[in-house]
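Asks: got a sequence here, can you model it:
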Amino acid sequence: MIEVAASSYDASIALLCYNQENYITEALNAILNQQGVNLEIIVSDDGSTDKTYEIVSSLVANYKGQHHVRCIRHSKNLGFVKNFCETIKKCSSEYIIYAAGDDISNPDRALKIVDAFKKSGALLVHSHAVCLNEKDEVIDRNYPLKLTGDNPSLNTISVSSALYLGATGAYSRELFTKYGYFEDKNLIEDLVLGFRAVLENRINFVDKELVRYRTTTGLTSKYNLSKSNYCEFRANYHKRMVSVFIQRLSDLKKSTHSKNQKLARVLKNAIFIEKIRMSLWKDNLSFVTGFRKFPSINYCIEFFKYNRDVKHIR
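Replies: Just a heads-up that it's a prediction; the model follows:
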């Protein structure tokens with residue numbers, strides 16, 4: 001069990017940024033202008049090579065408000081997951097609100113999230129968002145919302161690759177003290193944290209748009225990809241999903257569902273299928289070569305899907 005000293009803040013906000021000089025001013029000002037709560041704000045720059053850190057440093061140096069603010073700069077790029085974990089470790093509050101360096105939080109976001117934590121006893125709180133395109137025009141919502149009910153199906157959630165909009169996420173430290181921080185830098189953090197919260201059945205959804213979410217500029221946005229590297233993207237995505245399911249299986253063993261062998265088999269099968277998908281997109285396997293490596297009906301199914309999808313790539 002990881003021990004953390006009690007904090008005098010209502011919540012901590014972890015704002016992560018990397019090469020977002022065009023957006024960080026608006027993102028950080030939105031955090032500095034949070035109302036109705038006493039906040040610890042930690043801005044973590046993951047080794048930006050543009051002017052992101054200089055902008056952050058100037059804003060923090062000139063800030064005269066009520067919140068406690070500090071900025072961190074990594075000398076080299078750690079990658080999103082490692083930066084996320086290192087920043088969470090530095091937060092002192094029980095409630096930790098994630099913020100991206102290109103998104104804009106409403107002035108009452110922190111207040112509503114803290115209120116939701118206290119009233120519900122949740123370990124994960126998330127909300128709706130206003131989605132913006134590359135021109136900052138409002139577009140239709142295009143994010144998953146599988147964690148809005150009181151009792152989401154554990155079997156369904158365990159193999160899901162989309163749970164909630166991570167940009168709106170906030171977490172109780174208990175999700176880390178009980179299950180630990182992430183060692184694998186390849187995984188997708190919101191898919192793991194969402195699963196942990198479902199294991200504990202302690203989730204709260206705020207049915208309000210608390211974030212203006214830029215869909216095409218984020219650190220992990222698929223829209224930054226060209227068709228020429230689509231195969232590499234797919235291979236890397238399935239590699240990350242392997243890591244997600246391995247972590248979910250590990251977390252299952254630490255939960256009250258640890259004796260659920262059926263669920264464990266489901267997760268092991270998901271790991272196997274993602275390894276097939278990763279190999280197909282990475283190595284462009286022939287059917288015979290792939291079947292020798294993965295002798296199962298699952299391989300036949302995934303090979304058919306791969307060939308269907310790859311025909312659409314120019």
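Asks: just the C-alphas of stretch 58-70, formatted as PDB.
Replies: C-alpha atoms of stretch 58-70 as PDB (Å, rounded to 0.1, in the frame of the first residue of the first chain):
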ATOM      1  CA  SER A  58       5.900  33.100 -17.500                       C
ATOM      2  CA  LEU A  59       2.300  32.500 -16.600                       C
ATOM      3  CA  VAL A  60       3.200  30.800 -13.300                       C
ATOM      4  CA  ALA A  61       5.700  33.500 -12.400                       C
ATOM      5  CA  ASN A  62       3.100  36.200 -12.900                       C
ATOM      6  CA  TYR A  63       0.200  34.400 -11.200                       C
ATOM      7  CA  LYS A  64      -1.100  36.200  -8.100                       C
ATOM      8  CA  GLY A  65      -4.200  34.100  -7.400                       C
ATOM      9  CA  GLN A  66      -5.300  31.800  -4.600                       C
ATOM     10  CA  HIS A  67      -4.200  28.500  -6.000                       C
ATOM     11  CA  HIS A  68      -0.800  26.900  -5.300                       C
ATOM     12  CA  VAL A  69       1.000  26.500  -8.700                       C
ATOM     13  CA  ARG A  70       4.200  25.000  -9.700                       C
END
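Asks: what lies in contact with that stretch?
Replies: Residues from elsewhere that reach stretch 58-70, judged by Cβ atoms under 8 Å, 6 or more residues apart in numbering: 9, 25, 28-29, 32-34, 38-43, 71. Where C-beta positions appear, they are placed from N, C-alpha and C, glycine not excepted.
Asks: which one of those is nearest residue 182?
Replies: Residue 182 has its nearest neighbour among these in residue 42, at 17.9 Å by Cβ to Cβ.
Asks: wait, a helix at that closest one?
Replies: No: counting by DSSP: H, G, I helix; E, B strand; the rest coil, residue 42 is not part of a helix but strand.
Asks: and stretch 11-29, what's buried?
Replies: By neighbour count with 16 or more other Cβ atoms under 10 Å, stretch 11-29 contains the buried residues 11-21, 23-24, 27-28.
Asks: send the alpha carbons of it over as PDB?
Replies: C-alpha atoms of stretch 11-29 as PDB (Å, rounded to 0.1, in the frame of the first residue of the first chain):
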ATOM      1  CA  ALA A  11      -8.000  18.800  -5.200                       C
ATOM      2  CA  SER A  12      -4.900  18.700  -7.300                       C
ATOM      3  CA  ILE A  13      -4.900  19.400 -11.000                       C
ATOM      4  CA  ALA A  14      -2.300  17.700 -13.200                       C
ATOM      5  CA  LEU A  15      -1.900  19.600 -16.400                       C
ATOM      6  CA  LEU A  16       0.300  17.700 -18.900                       C
ATOM      7  CA  CYS A  17       1.800  19.400 -21.900                       C
ATOM      8  CA  TYR A  18       4.200  18.700 -24.700                       C
ATOM      9  CA  ASN A  19       4.900  21.000 -27.700                       C
ATOM     10  CA  GLN A  20       1.600  22.800 -27.400                       C
ATOM     11  CA  GLU A  21       2.700  26.400 -27.600                       C
ATOM     12  CA  ASN A  22      -0.300  27.400 -29.600                       C
ATOM     13  CA  TYR A  23      -2.800  26.200 -26.900                       C
ATOM     14  CA  ILE A  24      -1.100  26.200 -23.500                       C
ATOM     15  CA  THR A  25      -1.900  29.800 -22.600                       C
ATOM     16  CA  GLU A  26      -5.600  29.200 -22.900                       C
ATOM     17  CA  ALA A  27      -5.400  25.800 -21.300                       C
ATOM     18  CA  LEU A  28      -3.400  27.000 -18.300                       C
ATOM     19  CA  ASN A  29      -5.400  30.200 -17.800                       C
END
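Asks: so how far is it from its chain's centroid?
Replies: Mean-position distance between stretch 11-29 and its chain equals 16 Å (Cα atoms, centre = their mean, to the nearest Å).
Asks: poorly predicted segments of the chain, please.
Replies: 1-7, 149-152, 217-228, 314 (pLDDT under 70).
Asks: swap in 90 and give it another go.
Replies: Low-confidence regions of the chain, defined by pLDDT under 90, span residues 1-8, 134, 142, 144-145, 148-156, 216-230, 283-286, 309-314.
Asks: can you pull out the helices in the stretch 101-250 of the chain?
Replies: All helices of the stretch 101-250 of the chain, identified by DSSP state H, counting those that start in this stretch, fall at 109-120, 154-158, 174-177, 189-200, 230-254.
Asks: can you redo these as a markdown table with distance to residue 79 and mean neighbour count?
Replies: What follows is the helices of the stretch 101-250 of the chain, written out as a markdown table (distance: least, Cβ to Cβ, whole Å; neighbours: other Cβ atoms under 10 Å):
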| stretch | distance to residue 79 | mean neighbour count |
| --- | --- | --- |
| helix 109-120 | 26 | 20 |
| helix 154-158 | 25 | 16 |
| helix 174-177 | 18 | 18 |
| helix 189-200 | 11 | 24 |
| helix 230-254 | 11 | 19 |
